[in-house]
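Visitor: Have a look at this fold, sequence not included:
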């Protein structure tokens with residue numbers, strides 16, 4: 001279906017715009033204005049009279065603003081629509097209806113016609129004079145026969161906008177096109193200007209103006225290139241002259257340097273001759289110095305000083321001689337106390353003062369140890385004086401041998417400052433105290449503790465005892481109650497914790513230490529247990545009395561040898577124990593309980 005044209009036209013003129021389909025697709029797909037310049041170039045290439053093109057977007061609405069030249073003026077208009085409208089135009093679907101929609105809000109133009117081919121959509125618009133809205137042409141009177149041929153439906157309320165009759169062609173259009181064909185491939189500016197003056201309303205006028213500008217720009221570029229070339233040639237000539245001058249200066253400088261080098265060479269030869277004489281004299285001194293050093297005695301060095309009092313090595317030789325005299329004196333006397341003391345007196349700040357004092361100390365250590373052999377008291381005094389002495393290990397060994405030859409004894413030495421009772425054993429009071437080492441017997445299953453070392457000191461009225469041993473396991477459970485799932489109750493375990501006890505007997509030692517041995521005994525018992533003492537932080541100090549007769553606060557037991565009943569009283573010396581024994585209640589948790 002085409003647009004209808006009027007028989008009489010009331011408009012300024014018509015204008016055709018070519019829209020390449022590919023460019024229309026680009027318009028619909030470019031949403032970030034990345035291709036605006038490409039779109040503008042493509043439309044200018046397709047429309048010779050296009051002066052300017054703008055593209056704006058507002059959401060989904062696209063506005064194309066055109067400014068195009070006509071035979072007499074410049075016309076501005078807009079195509080406004082959504083992306084689907086431009087896409088339909090690109091697809092060639094209902095292009096006439098789409099054209100009417102795209103220009104419906106622009107009063108400066110009216111739709112006239114729309115055609116398409118395989119690559120381009122061409123639209124024809126009616127424009128008014130001076131930017132004023134064009135007057136639509138009067139409807140064409142159509143005969144009944146003509147009306148029968150139309151394809152428009154009878155029920156259509158609003159007929160399609162009539163298309164205008166194309167304006168009369170300009171006189172001499174064929175001659176104009178022929179003249180332009182001759183000029184468009186040439187570079188004659190005057191001929192192109194004459195063409196514009198001759199055909200002021202020609203559709204080729206704008207192309208001719210662009211051609212003139214291109215020729216002028218090209219000529220201007222050629223002038224610039226010639227000027228640049230001339231400048232480059234002048235610069236090259238300038239550089240050539242400068243290089244010639246530089247080479248001449250370099251040659252003059254080289255000649256001056258050669259002359260200077262010859263003079264310096266003669267001076268060096270004279271200096272070398274003088275140095276050779278000097279070196280011979282120096283060599284004599286150096287050889288004498290080397291021989292004196294090689295001799296390695298203060299006597300040889302003193303002889304060098306006397307022979308060459310002004311030698312450069314004099315200061316060094318004197319220092320070395322003093323060191324050798326120091327060493328020689330020490331070497332001659334270090335084997336005896338008298339010799340070391342004589343050296344220290346002669347050289348109070350000598351090289352071997354520290355070594356001599358250490359040696360005197362070792363000699364004193366040895367003398368004291370030799371005098372103490374055979375006496376435990378003397379050996380212990382030696383250890384107190386030299387706790388880390390060179391003979392300390394042997395002294396301890398001798399004490400052990402002397403002790404093993406008689407009954408086991410733990411000697412408690414008097415100290416001015418008693419140790420703290422904190423279980424650490426790092427007080428100064430314990431240093432230098434010889435320990436008593438006791439081998440323990442294995443009892444029961446498991447690994448036994450091989451030995452325990454015991455130290456003792458006293459401060460007049462109080463006795464302090466330090467016991468230390470190594471144990472590969474840490475047993476800290478004392479008869480815990482174990483939950484028995486089958487019996488559904490707690491049963492007491494026979495597991496014991498690590499413990500240490502010390503008994504001080506009143507009177508003579510009993511033949512058997514067991515309380516059930518049927519022996520009458522009275523003992524002050526100190527007991528430390530890993531579990532109970534670990535919880536309370538306390539050990540127990542208690543008195544145990546065993547007797548064949550009943551005593552107050554005592555309990556009866558059968559003697560181990562079956563000789564009858566004995567009574568045992570076990571009470572804390574003062575106060576109460578730091579713990580108490582409890583039995584789990586029936587509703588206690590079903591797990592192990594200490």
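Guide: Yep, it's here. Just so it is clear, the structure is predicted and the values come from calculations on it, not from any experiment.

Visitor: which SSE is residue 457 in?
Guide: Per DSSP states H and E, residue 457 falls inside strand 451-458.

Visitor: Let me see the mean pLDDT of that strand.
Guide: Mean per-residue pLDDT for strand 451-458: 88.

Visitor: what about residue 237, distance to residue 250?
Guide: Going from residue 237 to residue 250 by C-beta to C-beta, to the nearest Å gives 20 Å. C-beta here means a position set from N, CA and C on the backbone, and glycine is covered the same way.

Visitor: is it true that residue 356 touches residue 342?
Guide: No. Between residue 356 and residue 342 there is no contact under C-beta atoms under 8 Å: 10.0 Å.

Visitor: These two: which is more packed in?
Guide: Neighbour comparison, residue 356 and residue 342: the larger count goes to residue 356, with 21 against 16 (by other C-beta atoms under 10 Å).

Visitor: contacting residues for the more buried one?
Guide: Under the criterion of C-beta atoms under 8 Å, 6 or more residues apart in numbering, the neighbours of residue 356 are 330, 334, 340, 343, 344, 350.

Visitor: That one should be in a strand, yeah?
Guide: No. The assignment for residue 356 by DSSP: H, G, I helix; E, B strand; the rest coil gives helix, which leaves it out of any strand.

Visitor: Quick check: it vs residue 388, distance?
Guide: On the measure of C-beta to C-beta, residue 356 and residue 388 end up 20 Å apart.

Visitor: likewise residue 288?
Guide: With C-beta to C-beta as the criterion, residue 288 and residue 388 are 51 Å apart.

Visitor: can you check residue 90 too?
Guide: 105 Å.

Visitor: who's more crowded, these two?
Guide: A side-by-side neighbour count of residue 90 and residue 388, using other C-beta under 10 Å, places residue 90 first with 22 against 9.

Visitor: who's in contact with that one?
Guide: With contacts defined as C-beta under 8 Å, 6+ apart, the neighbours of residue 90 are 21, 24, 25, 28, 121.

Visitor: which residues are contacting the host helix or strand of the third one?
Guide: Looking back up the chat, that one is residue 25. Per DSSP H and E: residue 25 is located in helix 21-29. For helix 21-29, contacts defined as C-beta under 8 Å, 6+ apart pick out 35, 38-39, 42-43, 46, 55, 62, 64, 83, 86-87, 89-90, 92, 119-121.

Visitor: Could you do stretch 572-586 as well?
Guide: Applying C-beta under 8 Å, 6+ apart, the external contacts of stretch 572-586 come out as 481, 490, 524, 532-533, 535-538, 540-543, 593.

Visitor: Correct me if wrong: residue 497 contacts residue 528.
Guide: No. If you go by C-beta under 8 Å, residue 497 and residue 528 don't touch, sitting 10.2 Å apart.

Visitor: picking that back up, just list what the strand holding residue 457 packs against, helices and strands only.
Guide: strand 412-414, strand 436-439, strand 463-469 (3 or more C-beta pairs under 8 Å, 6 or more residues apart in numbering; DSSP states H and E).

Visitor: Please identify the deepest-packed of the ones you listed.
Guide: The highest mean neighbour count among the helices and strands packed on strand 451-458, using mean count of other C-beta atoms under 10 Å, belongs to strand 463-469: a mean of 15.

Visitor: Now that one: average pLDDT?
Guide: In this model, strand 463-469 has a mean pLDDT of 90.

Visitor: chain center to that strand: distance?
Guide: Relative to its chain's centre, strand 463-469 lies at 54 Å (C-alpha atoms, centre = their mean, to the nearest Å).

Visitor: same question, stretch 402-419
Guide: In terms of C-alpha atoms, centre = their mean, the centre of stretch 402-419 is found 62 Å from the chain centre.

Visitor: For it, measure first residue to last.
Guide: 27 Å (C-alpha to C-alpha, to the nearest Å).

Visitor: go on, stretch 194-214?
Guide: Stretch 194-214 end-to-end distance (C-alpha to C-alpha) = 17 Å.

Visitor: and what of stretch 41-54?
Guide: By C-alpha to C-alpha, one end of stretch 41-54 lies 11 Å from the other end.

Visitor: likewise stretch 333-349?
Guide: End-to-end distance of stretch 333-349 (C-alpha to C-alpha): 17 Å.

Visitor: which other residues reach it?
Guide: Applying C-beta under 8 Å, 6+ apart, the contact partners of stretch 333-349 are 326, 329, 330, 332, 350, 352, 353, 356, 357, 359, 360, 363.

Visitor: so who does residue 369 touch?
Guide: 382, 386, 389, 391, 394, 395.

Visitor: picking up where we left off before, buried residues, the very next helix or strand once past the helix holding residue 25. List them.
Guide: Going down the chain from helix 21-29, the next helix or strand is helix 36-46, by DSSP H and E. Using 16 or more other C-beta atoms under 10 Å as the burial criterion, the residues of helix 36-46 that qualify are 36, 39, 40, 42, 43, 46.

Visitor: tell me which of these is nearest to residue 564?
Guide: Distance from residue 564 was checked for each of the buried residues of helix 36-46 by C-beta to C-beta. The minimum falls on residue 36, at 124.4 Å.

Visitor: Surely the closest one and residue 43 touch.
Guide: No. Using C-beta under 8 Å, residue 36 is not in contact with residue 43, being 10.9 Å away.

Visitor: Residue 53 - that's part of a strand, no?
Guide: Yes. Counting by three-state DSSP, residue 53 falls inside a strand.

Visitor: these two touch, right, it and residue 41?
Guide: No. Using C-beta under 8 Å, residue 53 is not in contact with residue 41, being 9.4 Å away.

Visitor: and residue 587, what does it touch?
Guide: Contact criterion C-beta under 8 Å, 6+ apart gives no residues in contact with residue 587.

Visitor: That one belongs to a helix, doesn't it?
Guide: No. Counting by three-state DSSP, residue 587 is not part of a helix but coil.

Visitor: Quick check: phi and psi at it.
Guide: Residue 587 adopts backbone torsions of phi -100, psi 20, taken as degrees, to the nearest 10.

Visitor: on contacts alone, who are the packing partners of the helix or strand that contains residue 180?
Guide: Assigned by DSSP H and E, residue 180 belongs to helix 173-183. Here helix 173-183 touches helix 189-198, helix 205-295, going by 3+ C-beta pairs under 8 Å, 6+ apart.

Visitor: Can you say which of those helices is packed in most?
Guide: The highest mean neighbour count among the helices and strands packed on helix 173-183, using mean count of other C-beta under 10 Å, belongs to helix 189-198: a mean of 14.

Visitor: how far off helix 205-295 does it point, in degrees?
Guide: With axes from the mean of the first three to the mean of the last three C-alpha atoms, to 10 degrees applied, the angle from helix 189-198 to helix 205-295 works out at 140 degrees.

Visitor: Against which helices or strands is helix 189-198 packed?
Guide: Partner elements for helix 189-198 (3+ C-beta pairs under 8 Å, 6+ apart): helix 173-183, helix 205-295.

Visitor: Quick check: next helix or strand after the last one?
Guide: Going down the chain from helix 205-295, the next helix or strand is helix 298-307, by DSSP H and E.
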